[in-house]
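Peer 1: Model the following, please.
(2 chains)
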Protein chains: 2
Amino acid sequence: MTTLTIIPIHGIPEVRPGDDLAQLIVDAGDLEDGDVVVVTQKVVSKAENMLEEIDPSNPLSHKPLVEQESVRIVRRRGELIVSETKHGFICANAGIDLSNVERGQAALLPEDSDRSARRIRDGIRGKAGIEVGIIISDTFGRPWRRGLTDVAIGVGGLRAIVDLRGTPDALGREMMVTEVCVADELASAAELVMGKADNVAAAIVRGVDPEWLGDGSVHDEVIRDPAEDLFR
Amino acid sequence: MTTLTIIPIHGIPEVRPGDDLAQLIVDAGDLEDGDVVVVTQKVVSKAENMLEEIDPSNPLSHKPLVEQESVRIVRRRGELIVSETKHGFICANAGIDLSNVERGQAALLPEDSDRSARRIRDGIRGKAGIEVGIIISDTFGRPWRRGLTDVAIGVGGLRAIVDLRGTPDALGREMMVTEVCVADELASAAELVMGKADNVAAAIVRGVDPEWLGDGSVHDEVIRDPAEDLFR
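Peer 2: Below you'll find the model as predicted:
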């Protein structure tokens, strides 16, 4: 395995509805073929105008949006709602974000984050002729462990899960189950250089295994079938 | 934020009980002050002789060990047991590993992974005079999302969670809750260069924010208090 480099992309301006994210990334980043570009959900939601007006004087005014974006409440405690969103994610407040958006606005998740990622991938290919993988990342909590980590909510041109089942281990025997969610690991790695307050909305991961690039989907690969999920 | 580099450490030999991991890492890696070194649980368990004999002809012979290492079964389906281990982790098969160990052996989790990490940190400081942070990583599944990711089960000389609560966001307003589990994100990042079958047992993450280095503990910072956990 070779060295990976995680490079923050500075200089993406404040994103507004209708902005062409592929163009902003090409202009601000020094991309190379085979890079994976991790883009935060927030700027994708802004560019796609997934913004709703809320009453800034009411700290609960986004709650009706949480209900609207959810298909099932998984847990509720006080003001915290953990729900399954219409996209299939299980997360707090249906992924709705009030930080780093204008006061009086809430940012919903993209309608289809895999599609958003493919569009950015296609845009970069068309504008710059560079072949990259794209991850849309978001910051989720998780059961049992404190602290948030970034995960992938959409991919384009990247396999979300790499299946190492059956690959011999270092002692030469068949391995049992090692399906690694490289999309989530790449999203987490990128988060380390993004820094919540620094306005770095995207990062490049350079040096990934070329076999990971290809057609992938968070929706199809990562979201666990409810029938096989022990925790719904 | 600056660039991060993730560097696999090649050349650590097959680890045996009693081996001095700090020495093996100093010999094989080109460490610098401020690096974070991520070490896989398996080699820590081997060095600490957390190995148990099992009957290699019986695919279920490790199950009594799973019961022994668990304090509570959380879910059970077929042969899969998700339990809370005596260390406080919730994971499959109590973290017991049968791959990459000798046939007829099972590797249990270290007794106290934070202590293991601190010992490796102290050893590297003593032998080479280099000040690093250490993460012991392991590969866990998670609810709702398919695919495994690496997380931190112990840290030494590194804060597991960095609290960005109250840091102004890029638009200048107070953020709500952003406690980032940088230890888990660093473990995931390192996994990307380790490759299950390549026998790379450790990796260096270079370029981390110096403020993340300091006294930390996965046990104290990351394991969620059962009283505040919605998913037990």
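
Peer 1: Now the residue nearest the centre of chain A: closest residue in space, sequence neighbours ignored.
Peer 2: For chain A, A:Ser137 is the residue whose C-alpha lies nearest the centre (CA atoms, centre = their mean; 1.9 Å). Setting aside the residues directly before and after it, A:Ser137 is nearest to A:Ala187 in space (CB to CB, 6 or more residues apart in numbering or on different chains), at 3.9 Å. C-beta coordinates here come from the backbone N, C-alpha and C atoms, glycine included.

Peer 1: The residue nearest to the centre of chain A pairs with what?
Peer 2: Beta-bridge partners for A:Ser137, by DSSP bridges, are A:Thr40, A:Ala152.

Peer 1: which residues are in contact with the least confident helix or strand in chain A by mean pLDDT?
Peer 2: Across the helices and strands of chain A, mean pLDDT, DSSP states H and E gives its lowest value to strand A:162-163, namely a mean of 88. The contact list for strand A:162-163, computed with CB atoms under 8 Å, 6 or more residues apart in numbering or on different chains, reads A:178-180, A:182, A:209, A:211-212.

Peer 1: As CSV, those residues with pLDDT and neighbour count would be great.
Peer 2: Shown next, in CSV, are the contacts of strand A:162-163 (pLDDT from 0 to 100; neighbours: other CB atoms under 10 Å in any protein chain shown):
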residue, pLDDT, neighbour count
A:Thr178, 81, 18
A:Glu179, 91, 15
A:Val180, 95, 23
A:Val182, 97, 28
A:Asp209, 94, 16
A:Glu211, 93, 8
A:Trp212, 95, 22
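
Peer 1: of the residues you listed, list those near chain B.
Peer 2: When the contacts of strand A:162-163 are checked against chain B using CB under 8 Å from any CB of the partner chain, the ones in range are A:178-180, A:182.

Peer 1: Skipping its backbone neighbours, what lies nearest A:Val38 in space?
Peer 2: A:Ala190 (3.6 Å).

Peer 1: swap in A:Ala117?
Peer 2: A:Gly156 (3.4 Å).

Peer 1: Doesn't A:Ile81 belong to a helix?
Peer 2: No. Using DSSP: H, G, I helix; E, B strand; the rest coil, the assignment for A:Ile81 is strand, not a helix.

Peer 1: What spatial separation is found between A:Asp33 and A:Ile204?
Peer 2: Distance of A:Asp33 to A:Ile204, given as CB to CB, to the nearest Å: 12 Å.

Peer 1: what residues are up against the closest residue to A:Asp97 other than its chain neighbours?
Peer 2: Spatial nearest neighbour of A:Asp97, chain neighbours left out: A:Ala107 (4.5 Å); criterion: CB to CB, 6+ apart. Residues near A:Ala107 by CB under 8 Å, 6+ apart: A:41-42, A:45-46, A:50-51, A:96-98, A:101.

Peer 1: Quickly note the distance from A:Ala107 to B:Thr40.
Peer 2: In terms of CB to CB, A:Ala107 sits 38 Å off from B:Thr40.

Peer 1: swap in A:Ser99?
Peer 2: 35 Å.

Peer 1: Ok, A:Gly104 next?
Peer 2: Look at A:Gly104 and B:Thr40: by CB to CB, they are 48 Å apart.

Peer 1: neighbour-wise, which of the two wins?
Peer 2: Legend: neighbour count by other CB atoms under 10 Å in any protein chain shown for A:Gly104 and B:Thr40, higher for B:Thr40 (27 against 14).

Peer 1: these two touch, right, the more buried one and B:Ala201?
Peer 2: Yes. Taking CB atoms under 8 Å as the definition, B:Thr40 is a contact partner of B:Ala201 at 5.2 Å.

Peer 1: list the residues that contact both of those two?
Peer 2: With CB under 8 Å, 6+ apart as the test, B:Thr40 and B:Ala201 both reach B:Met194.

Peer 1: circling back to that earlier point, adjacent strands (with direction) for the least confident helix or strand of chain A?
Peer 2: Here, using DSSP bridges, strand A:162-163 pairs with strand A:179-180 (antiparallel).

Peer 1: how far out from the middle of the chain is the partner strand?
Peer 2: Relative to the mean C-alpha coordinate of its chain, strand A:179-180 is positioned 18 Å out (CA atoms, centre = their mean, to the nearest Å).

Peer 1: one step back: I figured the residue nearest to A:Ser137 hits A:Leu148, correct?
Peer 2: No. Applying CB under 8 Å, one finds A:Ala187 not in contact with A:Leu148, separated by 11.7 Å.

Peer 1: more neighbours, these two?
Peer 2: The residue with more neighbours, out of A:Ala187 and A:Leu148, is A:Ala187; 32 against 23, by other CB under 10 Å.

Peer 1: and that one, backbone torsions?
Peer 2: Dihedral pair for A:Ala187: phi -60, psi -40, per degrees, to the nearest 10.
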